[in-house]
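> fold the following.
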Amino acid sequence: MDYSITSSKLVTDKDVSIFKYGVEGLYHFMPDKKLVPFVAAGLGGYNMSGPSALVSRKTMGFFDYGGGVKYFLYDRLALRADVRHV
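Numbers count the residues shown, from 1 in each chain. Next up is the predicted model:
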């Protein structure tokens, strides 16, 4: 889940709040190594609200996919880098 408030150059929608929610699944290759590549896929939605009818209470769904790597510093702590397409 994410929540953010954006600033726009539009006259009617200066401040738009965006709430993002979703779920993802990750498949790890070689999970017993320090450097672990993975693929990911997920789905969710965006809920935008702003002062005008253009974005007021607008909800959009999305599907994302991509891949990346995790580098484990300790058993329970890893650095993660990934690339996603939404």
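> going forward, measure contacts between C-alpha atoms and count neighbours the same way
Fine.
> looking at the protein, which strand is longest?
Assignment by DSSP state E gives strand 58-74 as the longest strand of the chain.
> paired strands for the helix or strand just after that strand, with orientation please.
Remark: after strand 58-74, the chain's next helix or strand is strand 77-85, criterion DSSP states H and E. Sheet pairing here is set by DSSP bridges, and for strand 77-85 it gives strand 58-74 (antiparallel).
> run through the protein and note the low-pLDDT ranges.
Where the chain drops to pLDDT under 70, the residues are 10-14, 52-56.
> if we go to 80?
5-16, 49-58, 86 (pLDDT under 80).
> name the residues that touch stretch 69-86?
Contact partners of stretch 69-86, identified using C-alpha atoms under 8 Å, 6 or more residues apart in numbering, comprise Lys34, Leu35, Val36, Pro37, Phe38, Phe62, Phe63, Asp64, Tyr65, Gly66, Gly67, Gly68.
> I appreciate the help and will end here.
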